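attaching a predicted model along with its sequence, questions to come.
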Amino acid sequence: MIKTTMTHTLLSLTALLLAGCTSSPSGADYDKLTADAMKASFQDRGIATVDRLQQDEANRLCSAADVAGKPLDEKTTKAIEAAALKTIKMPSDGKFLGDWKEGEKIAQSGRGLTWTDKAGDANGGNCYNCHQMDKKEISFGNLGPSLYHYGKLRGVSDPASAAAKPIVDYTWGKLWNSRAYNACSQMPRVGHKGILTEQQIQHVMALLLDPKSPVNQ
């Protein structure tokens, strides 16, 4: 399959070069060839379907900026963040925090969304893949910042207090759709994309903000 795909891509590129003669293929031509090659290289398997290859506008713009080695301009950045902010759904029951013990299980779990999983199965948050969260945990990634003492450093001694509300709201929004605060964030949009349920996000919120959580010890 891969060999056939590469052959098709090379033939398509050759055809473009011959057709152009006096001009090189454009960036759009190369983008289309890449997209076609990607689509031809994958197939639906269980819940892992090829529509995952489709980029939304924010992904497309951020990818292009990354390839160009230049940051997005301020206008585009603000537009992406404003659009993402509108997607954030606050908890339907008004409760932001669940059980931090359940949140720890979700943070530790990297399961879900593979072709062997079933639709409706609970996904993990895989938080430790990018963040340090507990001093006792020796295996964690550093793609994202350390979240150890996340609530403590922000002065959240009582998550239900009015003083804590800005941090609570921000943290919920960051988990729901991280692009609302960082246009090209690489953090999974766990709420917006339906990776975690509302209840699961409440549990992760507790892990980050509950003073009794190991994150804040």
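Here it is on my side, so go on.

other residues contacting stretch 76-88?
For stretch 76-88, the external contacting residues (C-beta atoms under 8 Å, 6 or more residues apart in numbering) are 57-58, 61-62, 71-72, 172-173, 176-184, 189, 191-192. C-beta coordinates here come from the backbone N, C-alpha and C atoms, glycine included.

try it again at 6 Å.
Taking contacts as C-beta atoms under 6 Å, 6 or more residues apart in numbering, the residues outside stretch 76-88 that touch it are A58, G173, W176, N177, R179, A180, A183, H192.

want to throw those residues into CSV with distance to D121, neighbour count and pLDDT?
Shown next, in CSV, are the contacts of stretch 76-88 (distance: C-beta to C-beta, whole Å; neighbours: other C-beta atoms under 10 Å; pLDDT from 0 to 100):
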residue, distance to D121, neighbour count, pLDDT
A58, 27, 21, 92
G173, 26, 19, 98
W176, 21, 23, 98
N177, 22, 25, 98
R179, 26, 23, 97
A180, 27, 22, 98
A183, 31, 23, 97
H192, 19, 17, 97
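
show me the domain layout of the protein.
2-76, 100-216 (automatic domain parsing).

next one: the longest one to chain centre, how far?
Going by C-alpha atoms, centre = their mean, to the nearest Å, the spacing between the C-alpha centre of domain 100-216 and its chain's C-alpha centre is 12 Å.

figure out the length between the terminal residues of it.
11 Å (C-alpha to C-alpha, to the nearest Å).

how about the contacts of stretch 76-88 in JSON lines, adding secondary structure and distance to S92?
Below are those laid out as JSON lines (DSSP: H, G, I helix; E, B strand; the rest coil; distance: C-beta to C-beta, whole Å):
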{"residue": "A58", "secondary structure": "helix", "distance to S92": "25"}
{"residue": "G173", "secondary structure": "helix", "distance to S92": "15"}
{"residue": "W176", "secondary structure": "helix", "distance to S92": "13"}
{"residue": "N177", "secondary structure": "coil", "distance to S92": "16"}
{"residue": "R179", "secondary structure": "helix", "distance to S92": "22"}
{"residue": "A180", "secondary structure": "helix", "distance to S92": "19"}
{"residue": "A183", "secondary structure": "coil", "distance to S92": "27"}
{"residue": "H192", "secondary structure": "coil", "distance to S92": "15"}
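
mean pLDDT lowest for which of the domains of the chain?
Mean pLDDT per stretch puts domain 2-76 lowest among these, at a mean of 75.

which residue packs closest to D66, ignoring adjacent ones?
Closest residue to D66 apart from its sequence neighbours, by C-beta to C-beta, 6 or more residues apart in numbering: C184 at 7.5 Å.

okay, now the one you found: neighbour count?
19 (other C-beta atoms under 10 Å).

how close does it get to I80?
8 Å (C-beta to C-beta, to the nearest Å).

now swap in P159 and tell me
29 Å.

looking at these two, which one has more neighbours?
Shown here are P159 and I80; by other C-beta under 10 Å, I80 has more neighbours (23 against 20).

following the host helix or strand of the more buried one, which helix or strand comes up?
Element membership of I80, judged by DSSP states H and E, is helix 74-85. For helix 74-85, the following helix or strand on the C-terminal side (DSSP H and E) is helix 100-108.

quick one: list the elements packing against that next one.
Using 3 or more C-beta pairs under 6 Å, 6 or more residues apart in numbering; DSSP states H and E, the elements in contact with helix 100-108 are helix 198-209.

now do the buried residues in the helix it packs on.
By neighbour count with 16 or more other C-beta atoms under 10 Å, helix 198-209 contains the buried residues Q199, Q200, I201, Q202, H203, V204, M205, A206, L207, L208, L209.
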